[in-house]
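Asks: Structural data only, the sequence is not supplied:
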RNA sequence: AGGGUUAUCGCCAAGUGGUAAGGCAACGGGUUCUGACCCCGUCAUUCGUAGGUUCGAAUCCUACUAACCCUGCCA
């Protein structure tokens, strides 16, 4: 459900329902099947569906396929899957091209009413006649053709008598309008192109500005939501509704675009990233596409809560990426199991633990959610801990991890105390020697003394090697959205890190999600050969430790 | 001869004449077998600017300023 915070569109709908302007709500999501959906589309989807749901209404999915030269069924299928993944079911799934006959009839009607004419102007000439922002346009010399001639010519356009681009059908509105969209806009063009749905039936295709309001009307859409840059098109939208003698009177409402820091949403740049193989595809976890975000570990609920929380206004806004992360953390918090992982291993030898012996400790899958059960985790003489969890000398009182002479708890296992530090010739710490206290086993109720902290670990012989793909920072910086786009991309900001995860994860499946100790969230990605697991780090640490912590 | 839209905390955002909600981020403190989570506290005398109307204005009026969109046979 839409959250409690109201938004202006919800208010409009509520008012119209109350004063009888409409008696139900039917929205639509109208993607053009020429690209993969990204988080920006998710907002349109979520808003349309949730808004309709607020008033017991429904939402149609309609592929806006009026320009076959750019579109493909590959995208149709991908879009359907994404919407389903987000958890929405359209009332109907349709294609704009299903209405081509009806749309054609409306064009003929316009001609009969003297409101449309066939134009012979070339594309360049048309641009010149259109005028500019600062000067009015001039009427086409073909503007005053008779209705009979227009009817005949339009019929000939349809039957394929003319080549692509040779003629257009234009609405006859106002060449002097300060709104350029009203200067006799082209409503049909000739394109001898195969259409992925209608095949070769048509060689003329309606323009968006003509087709869209009609399709909305044909489907009985009550509210046609779109982004703010279409505001200038609304008078044309209304003109079409007014003059085409349609039953329904859909209303176009615009909202501001949503940007997210560090994410590129432009179709063109996304395509460039894929084409130039900077990413592995539209489903690369670095991409802002829904398929990409899915592999990055995002859940539909996280995305929905994020979208709903950012609200809706007419402002083009840019939300901080941290907000998206927040909603993922919140969503995953109680849903995921929380195993241990070591990204940067430091070997630990428990000198008073018998060689070759392994014992298992019970570990809750999620300390905050008992229903997720428990699993067993190995403990033995040789372990790995995170390198950053150890400093030879305790730097200050804020240090809550392991140091020489200091005792910490290995989570869900024992207290260990560091006695010796082994270094290589260059002085790098290569392993540390500790002793454990058998009395301190987790769950034993031991309460004699407090450890200096709790750190995570994996047992060396049972741990599974894993590769972590880290985003540090995100690949796409907002600064990259400039002309030197290509140069500013930083492909190295994705880095692989070899590490270990506990053996419990050996049965992991793609798309499984985990929260690891230290609050990094990961999702498994494609599993590679052998035992090696691949994880995408989806959300960074909420706050990372530095020795200056606490100052 | 220009038209359209927007302007409330670092980022989103409520508010529609009755005296500035909320979320994210940040910062203090507490708690914790995750420095996470959680809990407590702090964070706009002020709503782009300048005037005006009013007992009272973020809300109404006037003028200005800034930002974004519009000159595809794309959507």
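Replies: Received it, and whenever you're ready, just let me know what you need. What you are looking at is a predicted structure, and each value in this text was computed from that prediction instead of being measured.
Asks: Can you give me the neighbour number for the closest residue to residue A:460 other than its chain neighbours?
Replies: Counting by Cβ to Cβ, 6 or more residues apart in numbering, residue A:460 lies nearest to residue A:382, which is 4.0 Å off, once chain neighbours are set aside. For glycine as for every other residue, the C-beta is placed from the backbone atoms N, C-alpha and C. For residue A:382, the tally of surrounding residues (other Cβ atoms under 10 Å) stands at 15.
Asks: can you check residue A:219 too?
Replies: 21.
Asks: Specify the beta-bridge partners of the residue nearest to residue A:460.
Replies: residue A:349 (DSSP bridges).
Asks: which ones are touching it?
Replies: Counting by Cβ atoms under 8 Å, 6 or more residues apart in numbering, residue A:382 makes contact with A:347, A:348, A:349, A:350, A:459, A:460, A:461.
Asks: next helix or strand past the helix or strand bottoming out on mean pLDDT in chain A?
Replies: Every helix and strand in chain A was compared by mean pLDDT, DSSP states H and E; the lowest is helix A:485-488, with a mean of 47. Under the assignment DSSP states H and E, the closest C-terminal helix or strand after helix A:485-488 is strand A:494-501.
Asks: thinking again about what came up before, now flag whichever of the contacts of residue A:382 is closest to residue A:103.
Replies: residue A:459 (67.5 Å; Cβ to Cβ).
Asks: so that closest one bridges to which residues?
Replies: residue A:383.
Asks: That one against residue A:358, yeah?
Replies: Yes: using Cβ atoms under 8 Å, residue A:459 is in contact with residue A:358, at 6.9 Å.
Asks: rewinding a little: narrow the contacts of residue A:382 to those that are buried.
Replies: The neighbour-count test (16 or more other Cβ atoms under 10 Å) marks A:347, A:348, A:349, A:350, A:459, A:460 as buried among the contacts of residue A:382.
Asks: Closest one of those to RNA strand B?
Replies: Nearest to RNA strand B among the buried ones among the contacts of residue A:382 is residue A:459, at 15.3 Å by Cβ to the nearest atom of the strand.
Asks: Contact partners for that closest one?
Replies: A:358, A:377, A:378, A:379, A:380, A:382, A:383, A:502, A:503.
Asks: Can you give me the end-to-end span of stretch A:523-538?
Replies: Distance across stretch A:523-538, first residue to last, is 7 Å (Cα to Cα, to the nearest Å).
Asks: Check stretch A:288-299 too.
Replies: OK, stretch A:288-299 end separation, Cα to Cα: 13 Å.
Asks: What lies in contact with it?
Replies: Outside stretch A:288-299, the residues that touch it by Cβ under 8 Å, 6+ apart are A:36-42, A:78, A:82, A:85-86, A:260, A:263-265, A:270, A:282-287, A:303, A:324, A:328, A:331-332, A:335, A:476, A:511, A:513, A:521-523, A:525, A:536, A:538-539.
Asks: how distant is stretch A:382-394 from the center of its chain?
Replies: 37 Å (Cα atoms, centre = their mean, to the nearest Å).
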